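Engineer: return atomic coordinates for the entry below.
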Amino acid sequence: MIYRTLGKTGLTVSVIGVGTWQFGGEWGVDFSAGEVDAILGTARDEGINLIDTAECYGDHLAEKLVGERLRHERGDWIVASKFGHHFHGHMDRTRHWNPTDVRGQLEASLKALRTDYLDVLQFHSPTDDEFFNEDLWAELERIRRDGLVRYIGLSVSKNDNLLQVDRAPEAGCETLQIVYNRVDRTPEDRVLPAAVTHRLGVLARVPLASGFLTGKYGPDVEFPANDWRARMDSDKRAAILKEVETVRREEVPPDAPMAQWALVWPLRNPAVSAVIPGCKNVEQTRSNARAVRWIPDSEEHPYAIER
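Structural biologist: Presented below is the predicted three-dimensional model:
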């Protein structure tokens with residue numbers, strides 16, 4: 001495994017993390033506590049120490065499943081969660097940004113995770129109106145002073161929201177989470193340079209472009225009705241698949257599994273500290289971790305710590 005510093009937080013994180021949206025049941029799979037324990041055990045054995053979860057991956061369900069593992073080895077993990085929503089059912093959430101409600105969401109997250117603190121608590125895809133709330137910023141600072149979280153982060157919904165990124169330090173944020181992968185390079189224009197300027201530690205989510213960059217989907221793919229990709233605009237889906245094929249043919253080394261190559265592709269950007277892919281089983285977890293072999297030994301990175 002390779003480790004980097006998460007911006008100015010000083011936290012040492014594995015460049016490959018574990019995303020946990022799938023544990024909330026919205027990927028068409030219901031996970032047992034034993035399955036999640038096996039996935040996290042494999043991740044730990046492979047040197048992964050970063051978990052990204054959220055309040056609305058199920059009704060704190062993903063956090064509860066992760067918490068079964070954390071209660072035995074909390075000190076081995078860097079844990080990031082989020083706030084801003086209540087979960088009501090499959091792809092059904094309501095937005096809640098009142099400072100009092102946000103503290104309640106955090107308390108529920110801590111209970112589910114069986115821990116008394118989070119390493120990072122992130123704004124979860126706020127609108128500008130939700131983000132620019134000085135009362136909320138003050139409450140987050142109180143939460144931090146109370147020792148419930150170590151650092152505050154911003155997970156943006158739009159990859160070009162420079163307004164929020166530029167004001168993130170004023171809100172007390174020291175990390176940034178964005179969608180960034182080989183077929184969505186939008187953050188490169190403005191957001192990633194701003195993150196470097198503000199020394200925000202960057203977590204890149206959806207590094208495999210929702211599975212498209214695994215290379216296993218052809219132009220005629222049909223997704224199950226309960227898969228959100230089935231509801232994508234057909235022209236957009238076709239354009240992504242076409243670009244993926246071009247990338248596979250022209251950029252991926254002949255001896256590299258496309259999924260592993262694509263997974264570490266965002267890590268070549270000097271702003272990015274880690275990627276947080278999801279995983280459905282032990283085999284995917286192990287493959288994700290071992291993708292670091294496609295990061296060149298000679299490659300220098302400002303946040304690099306060790307290999």
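Engineer: mind telling me what element residue 121 is part of?
Structural biologist: In this structure, residue 121 sits in strand 118-124 according to DSSP states H and E.
Engineer: please name every helix or strand in contact with the helix or strand just after that strand.
Structural biologist: Next in sequence after strand 118-124, counting helices and strands by DSSP H and E, comes helix 128-131. Judged by 3 or more C-beta pairs under 8 Å, 6 or more residues apart in numbering; DSSP states H and E, the packing partners of helix 128-131 are helix 162-167. In short, each C-beta sits where N, CA and C put it, glycine included.
Engineer: for the helix it packs on, what does the pLDDT average out to?
Structural biologist: Per-region confidence: helix 162-167 scores 97 on mean pLDDT.
Engineer: what ranges of this protein fall below the confidence cut-off?
Structural biologist: 226, 228, 297-300, 302-307 (pLDDT under 70).
Engineer: next, give phi and psi for the residue lying farthest from the centre of it.
Structural biologist: Relative to the centre of the chain, the most outlying C-alpha is that of residue 220, 28.9 Å out, by C-alpha atoms, centre = their mean. Residue 220 adopts backbone torsions of phi -100, psi 20, taken as degrees, to the nearest 10.
Engineer: swap in residue 178?
Structural biologist: The phi/psi pair for residue 178 (degrees, to the nearest 10) is phi -140, psi 160.
Engineer: what residues are bridge-paired with it?
Structural biologist: residue 204 (DSSP bridges).
Engineer: okay, now it: neighbour count?
Structural biologist: Residues near residue 178, counting by other C-beta atoms under 10 Å, number 27.
Engineer: quick one on the thing from earlier: buried ones in the strand holding residue 121?
Structural biologist: Neighbour counts over strand 118-124 (16 or more other C-beta atoms under 10 Å) mark 118-124 as buried.
Engineer: can you list those in JSON lines and add distance to residue 149?
Structural biologist: Formatted as JSON lines, the buried residues of strand 118-124 follow (distance: C-beta to C-beta, whole Å):
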{"residue": "118", "distance to residue 149": "5"}
{"residue": "119", "distance to residue 149": "8"}
{"residue": "120", "distance to residue 149": "7"}
{"residue": "121", "distance to residue 149": "4"}
{"residue": "122", "distance to residue 149": "10"}
{"residue": "123", "distance to residue 149": "12"}
{"residue": "124", "distance to residue 149": "14"}
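Engineer: which one of those residues is nearest to residue 282?
Structural biologist: Ranked by distance to residue 282 (C-beta to C-beta), those are led by residue 119 at 24.5 Å.
Engineer: give the contact list for that closest one.
Structural biologist: Applying C-beta atoms under 8 Å, 6 or more residues apart in numbering, we find residue 119 in contact with 11, 78-80, 149-151.
Engineer: most neighbours, which of those residues?
Structural biologist: residue 80 (28 neighbours).
Engineer: for residue 135, what are phi and psi?
Structural biologist: phi -70, psi -40.
Engineer: hey, where'd the strands end up in the stretch 1-150 of the chain?
Structural biologist: For the stretch 1-150 of the chain, strands defined by DSSP state E, counting those that start in this stretch occupy the ranges 3-5, 12-14, 18-19, 50-52, 78-83, 85-89, 92-95, 118-124, 149-155.
Engineer: out of the ones you listed, nearest to residue 216?
Structural biologist: Per C-beta to C-beta, nearest to residue 216 of the strands of the stretch 1-150 of the chain: strand 18-19, 18.7 Å.
Engineer: so what strands line up beside the closest one?
Structural biologist: In the sheet, strand 18-19 lines up with strand 50-52 (parallel) (DSSP bridges).
Engineer: tally of neighbours for residue 280?
Structural biologist: Residue 280 has 15 nearby residues by other C-beta under 10 Å.
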